[in-house]
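1. Okay, sequence plus prediction incoming.
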Amino acid sequence: MSRFVPRIIPFYLLLLVAGGTANAQSTFEQKAANPFDNNNDGLPDLGMAPENHDGEKHFAEIVKDFGETSMNDNGLDTGEQAKAFALGKVRDALSQQVNQHVESWLSPWGNASVDVKVDNEGHFTGSRGSWFVPLQDNDRYLTWSQLGLTQQDNGLVSNVGVGQRWARGNWLVGYNTFYDNLLDENLQRAGFGAEAWGEYLRLSANFYQPFAAWHEQTATQEQRMARGYDLTARMRMPFYQHLNTSVSLEQYFGDRVDLFNSGTGYHNPVALSLGLNYTPVPLVTVTAQHKQGESGENQNNLGLNLNYRFGVPLKKQLYAGEVAESQSLRGSRYDNPQRNNLPTLEYRQRKTLTVFLATPPWDLKPGETVPLKLQIRSRYGIRQLIWQGDTQILSLTPGAQANSAEGWTLIMPDWQKRGRGKQSLAIVCGGGR
């Protein structure tokens, strides 16, 4: 212990001298900047002001902490222990400041986002507004919900979702489920997503399943939301925090899927999208995306995203120096999930005419009259009926009206005399259009 005291005294004398010098310099600068603010310097203390022993207490705590640290047998001499102790204190102080700075971006009211997009034809398809609301946030997990409206050519799409996120080391992992509803057309689908976010890389996957059955779009066509999936990877540039790049692969299943919202349907189409985002300040993001389909069709989109965080001063959201913190892993806990909020639609030709001819009984005798059971469902009525096959051999006879499905009969021939054991009969029905 006798060797310990002489070594520790010079170190703390150095700290005291440095602190006193810094304090003196700070006092001098304050007086120079405020010459008329003397703060009662030089006046005697009349015993009315309470004594402040915070400095002495803080110094005593530092000495105590260093003493406890130096008692550990870690193979370091006193000088190395003092250096490690000082670096640890600086690291802890910086870490506390960074955490407080990052947490200031996380408001219990979440954040509101408005995304304006313009496609090749100048339409605002895909533009949307959303509100991300943290329901429960603690050290272990985050439970959230999101409400949104997305603009589509044929109406508004409502998006309602819930999800959870967990911190796993240097990653933020989570899942979500959404309910998308095309309000004007009464079409719905469910979305199931998973995400894994790192400091500079975000991975997302989504699967979409239609809820509703086919709905009439026109007199001859039906539509519904298509079933499909997408995979997205988003990269943040370490050397320039204002830029983000993304690549996305999507595929939908069906015979006539309009992946580009152009009116052209494809069979099980696949598309690859490349995106670039520029964030000058946390509030504003400019987006550009190129979407390329395997059929050769492509689409370009430009967008402007306004992402307002409740509880965060507007001045802070308009400061370029805050971009790195707002897009860091902890600062982005309240960011919207990466998914396609604009549903892809699938189409099919509507059946306006169906004809069913029932099979006659098998135990028929020659010369027996058999009524034909003809079922016709036509949206626009029946224009004409055309029978094909062995109509004369079967003695096909119409009912009261030739264009009616009622009253048709045939007479079974004598198979032995005819020398043929097989006859065929078919009907072609013409609708009203």
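-> Received it, and whenever you're ready, just let me know what you need.
2. drop to CA atoms for contacts and neighbour counts, all remaining ones
-> OK.
3. Next one: Tyr179 from Gln299, what distance?
-> 26 Å (C-alpha to C-alpha, to the nearest Å).
4. scratch that, Gln188
-> Distance from Gln188 to Gln299, by C-alpha to C-alpha: 25 Å.
5. Between those two, tell me which one has more neighbours.
-> Shown here are Gln188 and Gln299; by other C-alpha atoms under 10 Å, Gln188 has more neighbours (20 against 16).
6. Which strand or helix spans the more buried one?
-> strand 187-197 (DSSP states H and E).
7. Now Asn268: closest residue in space that isn't a chain neighbour?
-> Distances taken as C-alpha to C-alpha, 6 or more residues apart in numbering place Phe253 nearest to Asn268, at 4.3 Å, with adjacent residues excluded.
8. What sits closest to His290 if chain neighbours are left out?
-> Closest to His290 by C-alpha to C-alpha, 6+ apart is Asn300, at 4.6 Å.
9. tell me the SS of Glu325?
-> helix (DSSP: H, G, I helix; E, B strand; the rest coil).
10. Correct me if wrong: it contacts Gly331.
-> Yes: contact between Glu325 and Gly331 holds when scored by C-alpha atoms under 8 Å: they sit 5.9 Å apart.
11. coming back round to it: which residues does the strand holding Gln188 contact?
-> Identification of contacts with strand 187-197 by C-alpha atoms under 8 Å, 6 or more residues apart in numbering yields 171-182, 202-212, 215, 224-225, 329, 337, 339.
12. so what strands line up beside that strand?
-> strand 171-182 (antiparallel), strand 201-210 (antiparallel) (DSSP bridges).
13. Point out where the protein drops to low pLDDT.
-> The chain contains residues with pLDDT under 70 at 1-108, 120, 352-353, 359-362, 379-381, 383, 402, 415-421, 430-433.
14. List the neighbouring strands of the helix or strand that contains Asn301 plus their orientation.
-> Asn301 belongs to strand 298-309 when elements are defined using DSSP H and E. Take DSSP bridges as the rule and strand 298-309 pairs in its sheet with strand 111-118 (antiparallel), strand 284-293 (antiparallel).
15. Using CSV, list the CA coordinates for that strand.
-> What follows is strand 298-309, C-alpha atoms only, in CSV (Å, rounded to 0.1, in the frame of the first residue of the first chain):
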residue,chain,number,x,y,z
ASN,A,298,-40.4,-1.9,-67.2
GLN,A,299,-41.5,1.0,-64.9
ASN,A,300,-39.7,4.0,-63.3
ASN,A,301,-40.9,5.7,-60.2
LEU,A,302,-39.7,8.9,-58.5
GLY,A,303,-40.8,9.7,-54.9
LEU,A,304,-40.6,12.2,-52.1
ASN,A,305,-41.0,10.9,-48.6
LEU,A,306,-41.8,13.0,-45.5
ASN,A,307,-41.2,11.1,-42.3
TYR,A,308,-42.2,13.2,-39.3
ARG,A,309,-41.4,11.8,-35.8
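16. buried sites along it?
-> Gln299, Asn300, Asn301, Leu302, Gly303, Leu304, Asn305, Leu306, Asn307, Tyr308, Arg309 (16 or more other C-alpha atoms under 10 Å).
17. Pick out the most distant pair among those.
-> Checked with C-alpha to C-alpha, the buried residues of strand 298-309 reach their widest spread between Gln299 and Arg309, with 31.1 Å between them.
18. Check the spacing between the nearest residue to His242 once chain neighbours are set aside and Ser378 real quick.
-> Once flanking residues are discounted, His242 sits nearest to Thr279: 4.8 Å by C-alpha to C-alpha, 6+ apart. Computed as C-alpha to C-alpha, the Thr279 to Ser378 distance reads 58 Å.
19. which residues does Asn307 contact?
-> Asn111, Ala112, Ser113, Val114, Pro282, Leu283, Val284, Thr285.
20. closest to Asp258 among those?
-> For these, the nearest to Asp258 is Val114 (25.7 Å; C-alpha to C-alpha).
21. before we move on, the earlier item: just the buried residues from the contacts of strand 187-197, in PyMOL please.
-> Under the burial definition 16+ other C-alpha under 10 Å, those of the contacts of strand 187-197 that qualify are selected in PyMOL by:
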select buried, resi 171+172+173+174+175+176+177+178+179+180+181+182+202+203+204+205+206+207+208+209+210+211+215+224+225+329+337+339
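22. Tell me what the closest residue in space to Ser246 that isn't next to it in sequence is bridged to.
-> The shortest distance from Ser246 to any residue other than its chain neighbours is 4.2 Å, reached at Arg234 (C-alpha to C-alpha, 6+ apart). Beta bridges link Arg234 to Arg202, Ser246, judged by DSSP bridges.
23. Arg234 is in contact with Glu199, isn't it?
-> No: judged on C-alpha under 8 Å, Arg234 makes no contact with Glu199 at a distance of 10.8 Å.
24. of those two, who's got more company?
-> Between Arg234 and Glu199, Arg234 has the larger neighbour count (other C-alpha under 10 Å), namely 21 against 16.
25. what residues are up against the more buried one?
-> Leu201, Arg202, Leu203, Asn244, Thr245, Ser246, Val247.
26. how close does it get to Thr344?
-> 22 Å.
27. same question, Asp335
-> For Asp335, the distance to Thr344 - C-alpha to C-alpha - is 24 Å.
28. Give me the neighbour count for the closest residue to Tyr175 other than its chain neighbours.
-> Distances taken as C-alpha to C-alpha, 6+ apart place Ala194 nearest to Tyr175, at 4.3 Å, with adjacent residues excluded. Residues lying near Ala194 (other C-alpha under 10 Å) number 21.
29. how much space between Ala194 and Arg128?
-> Counting by C-alpha to C-alpha, the gap from Ala194 to Arg128 is 22 Å.
30. ditto for Ser424
-> 60 Å.
31. Who has more neighbours out of these two?
-> Neighbour totals were compared for Ser424 and Arg128, and Arg128 leads with 23 against 10 (other C-alpha under 10 Å).
32. give the contact list for that one.
-> Counting by C-alpha under 8 Å, 6+ apart, Arg128 has contacts Val114, Asp115, Val116, Gly148, Leu149, Thr150, Gln151.
33. element containing the closest residue to the fifth one other than its chain neighbours, please.
-> I take that to be Leu149. Leaving out its chain neighbours, the residue that sits closest to Leu149 by C-alpha to C-alpha, 6+ apart is Ser158, at 4.6 Å. Ser158 belongs to strand 155-168 when assigned by DSSP H and E.
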